[in-house]
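**Q** sequence and predicted structure are below.
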Amino acid sequence: MAGLEEKLGDQKRFEFVSKPMGKGKFAVVRMKGVEGISRLYEFELLLVAEDAGIDFEAVLHQPGTLTVVSSGEGRTERYPYHGIVTGFEQLHQVDMYTFYRAVLSPRLWQLSQYRVSEVYVGEDAIPKIVEKVLQDGGLNSGVDYELKLSGEYRSRSYVCQYQETHLDFISRWMEHEGLYYWFEQGEEREKLIVADARNFHAAQARRVFYRPASEVDTGMGEAVRTLSCRQKPLPAKVVVQDYNYRKALLEIRAEAQVSQKGRGEVMFYGENVRDPQADGKRLAQIRAQEILCRGKLFCGESTVGGLRAGFFMELDKHYRKDFNQRYLVTELSHRGSQAAVLLAGLEGERGEGENEIFYRNEFTAIPGEVQYRAERRAPRPRFYGTMNATIDAEGGGQYAQVNEYGQYKVQVPFDRTDKNAAKASAWVRMASPYSGRDHGMHFPLHKGAEVLLCFIDGDPDQPVIVGAVPNSENRNVVTDENQTANLIRTAGDNVLELEDTRGAEHIVISTPHENTYVRMGKPQVRASVGAAAANPGAPANYVVHTEGNMSLEVGKGMKTRVGGLTDAGLPAAGDYVLEAEKAVGLTAKSGDLGLTAEKADLGMAAANNVRLTANTRNLDLRATTGNALLKAGGSMHAEVGAVSGAEAAGDEKGKYTLTVENDITIKTEKGEITIEASQKGCTIKVAGDLKLEVNGKMETRTWGAGAEFHGGAKLDSYLGSMTDIKMANENKIFAG
């Protein structure tokens, strides 16, 4: 290639070096390229070499440098574009020269080779996530990239990269947040600069002169040949609105002015804004600047080497004075050729207009005092439909793990890294068929449950759990084995079953604690679920069962009726009515049975008999502070001990019989005892002796036919006084 290089001499405008191949391996026949702020530069080069057997692997994906040589005003400047070779072709051969095609791109291009899905959690701001992605793509901080930021950025709990390249992912987020980038070219490699304000651009501007092509060359060399200005109407303002479920009543609305003379407004909704002040105002300002910086554009053509996207240029000598100002170059397209010299003598290889060595570019620029914001061109992924995911949690998952809002952490299936439960996901809401202020419905999901996610407005950053689905590990509770059952079973084995089998309809509510269940409907004919399955109980249509305690409390009236149904209403508040067409039994087999009316009466009434029986223990009828009344419309019979007297039901109406096996004691501590038969006599029969002891005075009176005493009689006075016996009528005392 030394011969070709010698052909160019001082006319050389372009040079390409493949680092593995070394300098001089290739000569640049022609080049074209594009660059811009927040876009990769790309140069397509037609190369010629004397080597027809170049190893593709030694060139492709390897470092290379294209240098644009600029001469003028007695000096020569070299402007390199470093990068890697991202495309390489061998074309054809003419004489001893072989032609190749190469594509040069910055190292940032490597991020376009990572097309993945990933989630970023942990409350990172977007600049931090951008750095993570850059490093994952093989770029090193301080060497390959640098972030120059002045703004404060909101931490985000959940950011999803969904089926997009690393490059598209960081591009769309930087465009959204107002970040943009360009490249600085060093001696060995390029550096990516990410910034959010124009004061981070290099202050030095490339000074250029305006000189139309029609003017005679005045020796100023490279110049701007054409310059046009294009201005378009602008809206008056930008409005950003959104909704934040974390603060449902907070109005999220922010505005920013675009132009005082503008008309109309542009609204952005659903930008995932959380706060109307810090987040909303900042985003509205960014969107306004994005529109404003494209309201007035300057487009031109030049032969000036060294113009770079992201750098300033200073224009002079323009016929319109206000155009002579500082500009920020935003886009450039390059074209150049050395074919006129390199291909001299090779017929058919030169293109149209390649009769001389040339370089020219077309540029777009904005006034230097205008803040640039990248246009949002990166594709924004949308996910319509559902995505499967898995509930995640710390620990073994015996209990559901939710936060104060009832949200869950989920593990999406495309997660590339092995994150722990705290880093696998942000908190995700779960949709419910019923929800509102202090009411709703929620069945907690446990670790490992498979769920379906949908995304608000298709945004992968805003997932919502819409339901749980069974799988091979988590079987459905209703299968072909119990297809007539309508079933709810919790992880703690609490069960609600509604059975629809015709003729065997029933409902079971059960909990394993103390084997407690309620069963209603058809008596159990097959194995049920939950606690009721192990203890079907008696074949009854309504069963309440527990092996623990039971308490039934009623705030108002309660009525229990067994037998014939009536339309009678409920009893008054506080009353309990127990009715039975036939018998009612209250039995305490080994303990006490207590019936207590603390403040009112306790009444027992029967058309025939009332029976209170204590089989092995005591029967206690007690009025604690009031009166005790036992009343019978027929007879009343009381038995104590092993007696075999007649039942009360067999006695004559109106009688009361008290029968005991041993002693009867009638005692009053302070009052009197009166035994009175109002209309008939009183008989006291004693098989043995009858003893009457009186500490005080004893008086026996007869008002009828007199008194008779048969047998021996002894009257003693222990007080030593005289004992008087008075006879109102005839009285007889018979002695043995």
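**A** Noted; the coordinates are in hand. Residues are numbered from 1 along each chain as shown.

**Q** check the separation of the first and last residues in stretch 224-242.
**A** 46 Å (CA to CA, to the nearest Å).

**Q** i'd like the first residue to be 289 from this point on
**A** That works, and once the first residue is 289, the last one we named lands at stretch 512-530.

**Q** how distant is that stretch from the center of its chain?
**A** In this view, stretch 512-530 has its centroid 41 Å away from the chain centroid, taken as CA atoms, centre = their mean, to the nearest Å.

**Q** give me the buried positions along that stretch.
**A** Residues of stretch 512-530 classed as buried: 512-513, 515, 522-523, 525-530 (neighbour count, 16 or more other CB atoms under 10 Å). For glycine as for every other residue, the C-beta is placed from the backbone atoms N, C-alpha and C.

**Q** and if you look at stretch 427-443?
**A** Buried residues in stretch 427-443, defined by neighbour count with 16+ other CB under 10 Å: 427, 432-433, 435, 437, 441-442.

**Q** among these, which ones are in strands?
**A** Among the buried residues of stretch 427-443, the members falling in strands (DSSP state E) are 433, 435.

**Q** from the buried residues of stretch 427-443, which two are the most distant?
**A** Spatially, the most separated pair among these is Asp432 and Arg442, at 26.5 Å (CB to CB).

**Q** pLDDT and distance to Ser400 added to the buried residues of stretch 427-443, as a markdown table?
**A** Formatted as a markdown table, the buried residues of stretch 427-443 follow (pLDDT from 0 to 100; distance: CB to CB, whole Å):
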| residue | pLDDT | distance to Ser400 |
| --- | --- | --- |
| Leu427 | 96 | 13 |
| Asp432 | 97 | 15 |
| Tyr433 | 98 | 15 |
| Leu435 | 98 | 20 |
| Leu437 | 96 | 24 |
| Tyr441 | 94 | 24 |
| Arg442 | 92 | 27 |
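
**Q** list just the nearest of the buried residues of stretch 427-443 to Val409.
**A** After measuring the buried residues of stretch 427-443 against Val409 - CB to CB - the closest member comes out as Arg442, at 14.4 Å.

**Q** what sits against the closest one?
**A** Contacts for Arg442 were tallied using CB atoms under 8 Å, 6 or more residues apart in numbering; they are 413, 562-563, 566-567.

**Q** quick one, helices of the stretch 439-588 of the chain?
**A** 454-465, 570-580 (DSSP state H, counting those that start in this stretch).

**Q** which one of the contacts of Arg442 is nearest Asn764?
**A** Of those, the one sitting nearest to Asn764 (CB to CB) turns out to be Arg562, at 38.4 Å.

**Q** surely Trp461 and Glu419 touch.
**A** No - if you go by CB atoms under 8 Å, Trp461 and Glu419 don't touch, sitting 11.9 Å apart.

**Q** these two: which is more packed in?
**A** Trp461 (21 against 17; other CB atoms under 10 Å).

**Q** how deep is the nearest residue to the more buried one once chain neighbours are set aside tucked in, by neighbour count?
**A** Spatial nearest neighbour of Trp461, chain neighbours left out: Ile414 (5.1 Å); criterion: CB to CB, 6 or more residues apart in numbering. The tally of other residues near Ile414 (other CB under 10 Å) stands at 20.

**Q** and Arg717, by the same measure?
**A** Close neighbours of Arg717, defined as other CB under 10 Å, add up to 17.

**Q** repeat for Asp951
**A** Neighbours of Asp951 using other CB under 10 Å come to 5.

**Q** sec struct for it, please.
**A** Following DSSP: H, G, I helix; E, B strand; the rest coil, Asp951 is assigned to coil.

**Q** again, but for the one 4 residues further on
**A** Reducing the assignment at Lys955 to three states with three-state DSSP gives coil.

**Q** just for the stretch 339-488 of the chain, where's the confidence low?
**A** 360-362 (pLDDT under 70).

**Q** kindly report the same for the stretch 539-688 of the chain.
**A** Scanning the stretch 539-688 of the chain for pLDDT under 70 picks out the ranges 633-642.

**Q** what's the answer for the stretch 689-838 of the chain, then?
**A** Applying pLDDT under 70 to the stretch 689-838 of the chain picks out residues 705-712, 813-826.

**Q** where do the helices of it begin and end?
**A** Here the stretch 689-838 of the chain has its helices, by DSSP H, counting those that start in this stretch, at 709-712, 819-822.

**Q** okay if I get the helices of the stretch 439-588 of the chain as a markdown table plus distance to Tyr660?
**A** Listed next are those as a markdown table, based on distance: least, CB to CB, whole Å:
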| stretch | distance to Tyr660 |
| --- | --- |
| helix 454-465 | 12 |
| helix 570-580 | 8 |
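
**Q** for those, which one sits closest to Gly836?
**A** Between Gly836 and the helices of the stretch 439-588 of the chain, the shortest gap by CB to CB is with helix 454-465, which sits at 58.3 Å.

**Q** and the angle from that closest one to helix 570-580?
**A** Helix 454-465 runs at 100 degrees relative to helix 570-580, counting by axes from the mean of the first three to the mean of the last three CA atoms, to 10 degrees.

**Q** who are the packing partners of helix 454-465?
**A** helix 414-424, strand 443-453 (3 or more CB pairs under 8 Å, 6 or more residues apart in numbering; DSSP states H and E).

**Q** and these as CSV, adding distance to Tyr408?
**A** Shown next, in CSV, are these (distance: least, CB to CB, whole Å):
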stretch, distance to Tyr408
helix 414-424, 5
strand 443-453, 4
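
**Q** which residues does Glu330 bridge with?
**A** Val322 (DSSP bridges).

**Q** what sits against it?
**A** Contacts of Glu330 by CB under 8 Å, 6+ apart are 321-323, 374, 391-393.

**Q** next, format these as TSV and append neighbour count and distance to Leu866.
**A** Formatted as TSV, the contacts of Glu330 follow (neighbours: other CB atoms under 10 Å; distance: CB to CB, whole Å):
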residue	neighbour count	distance to Leu866
Gly321	21	99
Val322	17	95
Glu323	25	95
Thr374	19	92
Val391	19	96
Leu392	25	98
Ser393	20	92
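
**Q** report how many residues lie close to Pro368.
**A** The burial count for Pro368: 17, using other CB under 10 Å.

**Q** dump the longest strand along the chain to PDB, restricted to CA.
**A** Longest strand of the chain, by residue count under DSSP E: strand 363-382. The C-alpha coordinates for strand 363-382 follow below in PDB (Å, rounded to 0.1, in the frame of the first residue of the first chain):
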ATOM      1  CA  ARG A 363      -2.200  24.300   9.100                       C
ATOM      2  CA  THR A 364      -3.200  20.600   9.000                       C
ATOM      3  CA  GLU A 365      -5.700  19.100  11.500                       C
ATOM      4  CA  ARG A 366      -6.500  15.500  12.100                       C
ATOM      5  CA  TYR A 367      -9.900  14.500  13.400                       C
ATOM      6  CA  PRO A 368     -10.200  10.800  14.300                       C
ATOM      7  CA  TYR A 369     -13.200   8.700  14.700                       C
ATOM      8  CA  HIS A 370     -12.400   5.700  16.900                       C
ATOM      9  CA  GLY A 371     -14.500   2.600  17.200                       C
ATOM     10  CA  ILE A 372     -14.800  -1.000  16.200                       C
ATOM     11  CA  VAL A 373     -15.300  -2.600  12.800                       C
ATOM     12  CA  THR A 374     -19.000  -3.800  12.800                       C
ATOM     13  CA  GLY A 375     -19.100  -5.000   9.200                       C
ATOM     14  CA  PHE A 376     -16.500  -6.300   6.800                       C
ATOM     15  CA  GLU A 377     -16.800  -7.500   3.200                       C
ATOM     16  CA  GLN A 378     -14.500  -8.600   0.500                       C
ATOM     17  CA  LEU A 379     -15.700  -7.200  -2.800                       C
ATOM     18  CA  HIS A 380     -13.700  -7.700  -6.000                       C
ATOM     19  CA  GLN A 381     -10.200  -7.400  -7.400                       C
ATOM     20  CA  VAL A 382      -8.900  -5.100 -10.100                       C
END
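
**Q** which neighbouring elements make contact with that strand?
**A** If contacts are counted by 3+ CB pairs under 8 Å, 6+ apart, strand 363-382 sits against strand 327-337, helix 344-347, strand 351-360, strand 385-393, strand 468-473, strand 478-483.
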